[in-house]
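Asks: Prediction below, plus the sequence it came from.
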Amino acid sequence: MIPRSLLWITALSCLAALGSCRYCSTSIEPAIEVQVRDVESGLPAAERATGYVQDGSYVDSLQTYGSNGQGVPLSFRAADERPGIYTVVVIKEGYQTWKREGVRVDRDECHVQTRSLTAALVPTTE
């Protein structure tokens, strides 16, 4: 059991040093999350899609995140805990390449502020 006086000392030290205390979770947050959808049907279209994010010389591939319970991916994520200004690209056969530039990701005291995007893929007309 922690003595009550130690808790008060810790709290007062925190307030004096920082003005307030903030406790951060140990979770790892992505800079970018991308939901992939077919623009015509509005249905998820992440299955067999690939892509990447780029900030200057930094490049990270999109990793699947979440599924429909049958192993079909619902979205992607990339650049864990890395702020920056990103270009996001999603590629899928049978669709035009989707690209978004200038996606700014900031950081607060604890984690990056995840930017959630929807890549609305347009079928090719071949």
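Replies: Sure, I can see it. Numbers count the residues shown, from 1 in each chain.
Asks: so how far is the helix or strand in which Tyr65 is found off the chain centroid?
Replies: When elements are assigned from DSSP states H and E, Tyr65 belongs to strand 63-67. When distances are taken as CA atoms, centre = their mean, to the nearest Å, strand 63-67 is centred 11 Å away from the chain's centroid.
Asks: likewise stretch 57-70?
Replies: So, by CA atoms, centre = their mean, the centroid of stretch 57-70 is 10 Å from its chain's centroid.
Asks: what does it contact?
Replies: Identification of contacts with stretch 57-70 by CB atoms under 8 Å, 6 or more residues apart in numbering yields 30, 32-34, 44, 46, 49-54, 73-79, 82, 84, 90. C-beta coordinates here come from the backbone N, C-alpha and C atoms, glycine included.
Asks: could you redo the last one with a cut-off of 6 Å?
Replies: For stretch 57-70, the surrounding residues in contact (CB atoms under 6 Å, 6 or more residues apart in numbering) are Gly51, Tyr52, Val53, Pro73, Leu74, Ser75, Phe76, Arg77, Ala78, Ala79.
Asks: Brilliant, that's me finished.
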